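Novice: sequence and computational prediction follow.
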Amino acid sequence: MIKALLFFLLGSVCAWLIELPFGGWFLILGLALYIHFIFKEQRAFLFGWLFGLGYFCNALWWLFISLHDVGKIAAPISVLAVIALSAYLALFTATAIKLVHQFHSSAARVLGLASSWAIMEWARGQLFTGFPWAGLAESQVDGPFFAWATLLGGLACTWFCVGLAGYLSQGKHNLFTKLVASITIISASHALALISFTEPIGRPIDVTLIQGNFEQSLKFNPEYIQQQINFYSNAIKSSDSHLVVAPETAFPLPLKMIPQEVISEIKPNTAKKNVILGAVSTGQSGLPTNSAIALNQGNLIYQYDKSHLVPFGEFIPWGFQWFIDLFKVPLGNFDRGSATQTPYILEQGIDQIAIGLMICYEDVFGGELAKRQRNSSLEHHLWINLTNLAWFGDSQAPEQQLRLARLRSIETGIPTLRATNTGVTAVINSQGQVVYELPKFQQATLKASVQAYSGKTPYVWLGDFPILIISGLLLIFAWYQNKK
């Protein structure tokens, strides 16, 4: 019982380490400790699952806020939901260790575990529409292996993170040799950042990002809707930036219900001004869509409908309607946008800047964004993410999603603008560095500039296929070596 609790606590500590400054470095030490002990246990799957349970309960506890504090779902059901999701996600962590636990040689353990963990992380992002939030990859935006994302994506960051932790734990070399080898691997990884696959296009774009800071419990309250519309309308009208962005559901009304005079008030009176804001529209099925609309000289010239919806938050997964009916859970049911929507075009003299839109949860899925960029008839030059994380209160969720957004910019080599309701509103450059940001939970606007980039990284061209093939082959090799 004590041993089970210790593995649970170790997983929780690893989730906490990621939240520290330079957490990606500290995480490797935490993982090395876990790997050291897990290979000494006979019940590897159980203790690996308990480690994962502790990790995800700590990393995702803020879901309780959205379910109980905002959604008014009973506390026991909300706690059970967080534990159930964490228990499910922990199965992938447990499977990763189970696949290699019987390996005897240190090399087989290191290569095998790094590979199986990367494969399980990929699977976690695919099954049942995927939930790859709180992975190891995004920790590396402040860690030693961030540059691998440009070549092979976030899964490569995971591979090297686990691989180095495994080597420190299972390697047969002395401490000095391990230190030299670690410095060499990390230095080589950092050198990759010197290689650039994208280049600037056009002039820097003046932008205004608006952060309304409206409480989620009041956001759709009829008494406060007009207050929100007034704030965002005034902020949009007062900005003279080339690009003005307001967050997800900035206007908390169906698009057809927004008074025409409001649209007339915020319409740009010059082609040099572009406005993008979140609103609720209507899909072809008649269901609502979580959308972003763009205005230029008063015309609704573009609409993006969110494609990757949040399970239980924006759609009810197949087979779970009974749960919704039984507990009277107040959940939304939205229509899904196409996965092949074209980017928004911002005119900048002779240059046309293609902007890829994302709404909230969509920047969790690096493979989908790379595919969208790869298959689009128009090359993407800039990402914009509209988000409302007021659902999750004062938790680590905003920082977690900020790290995910940074990872997406590293993977694709193009910058990201984040316009959020409560934070973190930020400008991220093409190297994944936050160059401007607003404090959380403040009503404010961020005036800055961003340089668009042109080109495609190796990850955009190839996606997750190479790292999955490499991991699969290394896992087979480790298995074969273990059999000899």
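Specialist: Sure, I can see it.

Novice: which strands or helices does the longest helix anywhere in the chain pack on?
Specialist: Scanning the chain for the longest helix, with DSSP state H as the assignment, gives helix 75-98. Applying 3 or more CB pairs under 8 Å, 6 or more residues apart in numbering; DSSP states H and E, one finds that helix 75-98 makes contact with helix 44-59, helix 63-64, helix 106-124. Every C-beta, even on glycine, is put in place using the N, C-alpha and C of the backbone.

Novice: out of those, nearest to Pro439?
Specialist: When these are compared by CB to CB, helix 44-59 sits nearest Pro439, at 23.0 Å.

Novice: which parts of the closest one are buried?
Specialist: Residues of helix 44-59 classed as buried: 44-45, 47-59 (neighbour count, 16 or more other CB atoms under 10 Å).

Novice: any idea how far the most centrally placed residue in the chain is from Gly125?
Specialist: In the chain, the residue lying closest to the centroid (CA atoms, centre = their mean) is Val364, at 2.9 Å. Noted for Val364: a distance of 8 Å to Gly125, by CB to CB, to the nearest Å.

Novice: reformat the helices and strands packed on helix 75-98 as TSV; add mean pLDDT and distance to His381.
Specialist: Converted to TSV, the helices and strands packed on helix 75-98 look like this (pLDDT from 0 to 100; distance: least, CB to CB, whole Å):
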stretch	mean pLDDT	distance to His381
helix 44-59	97	33
helix 63-64	94	34
helix 106-124	97	28
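
Novice: looking at those helices, which is closest to Thr150?
Specialist: Proximity to Thr150 (CB to CB) singles out helix 106-124 among those, at 16.5 Å.

Novice: in the closest one, what counts as buried?
Specialist: 106-124.

Novice: just to be sure, Pro132 is in a helix?
Specialist: No. Under DSSP: H, G, I helix; E, B strand; the rest coil, Pro132 falls outside any helix and is assigned coil.

Novice: surely it is in contact with Gly367?
Specialist: No. Look at Pro132 against Gly367 with CB atoms under 8 Å: they stay out of range, at 9.1 Å.

Novice: mind listing what the residue nearest to Pro439 when sequence neighbours are not counted touches?
Specialist: Spatial nearest neighbour of Pro439, excluding adjacent residues (CB to CB, 6 or more residues apart in numbering): Gly423 at 7.1 Å. By CB atoms under 8 Å, 6 or more residues apart in numbering, Gly423 lies in contact with Gln211, Leu389, Pro398, Leu438, Pro439, Lys440, Phe441, Gln442.

Novice: any idea how far Phe441 is from Gly423?
Specialist: Distance, Gly423 to Phe441, by CB to CB: 6 Å.

Novice: make TSV out of the helices and strands packed on helix 75-98 and add distance to Val13.
Specialist: Listed next are those as TSV, based on distance: least, CB to CB, whole Å:
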stretch	distance to Val13
helix 44-59	8
helix 63-64	20
helix 106-124	18
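
Novice: tell me which of the ones you listed lies nearest to Lys237.
Specialist: With CB to CB as the measure, helix 63-64 is the member of the helices and strands packed on helix 75-98 nearest Lys237 (36.8 Å).

Novice: Lys272 in helix, strand or coil?
Specialist: coil.

Novice: how many other residues sit next to it?
Specialist: Neighbour count of Lys272, defined by other CB atoms under 10 Å: 16.

Novice: now tell me which helix or strand of the chain has the poorest mean pLDDT.
Specialist: The weakest-scoring helix or strand in the chain, judged by mean pLDDT, DSSP states H and E, is helix 321-327 (a mean of 56).

Novice: can you map out the helices along the stretch 101-250 of the chain?
Specialist: Using DSSP state H, counting those that start in this stretch, the helices found in the stretch 101-250 of the chain span residues 106-124, 148-152, 154-170, 175-191, 216-219, 222-238.
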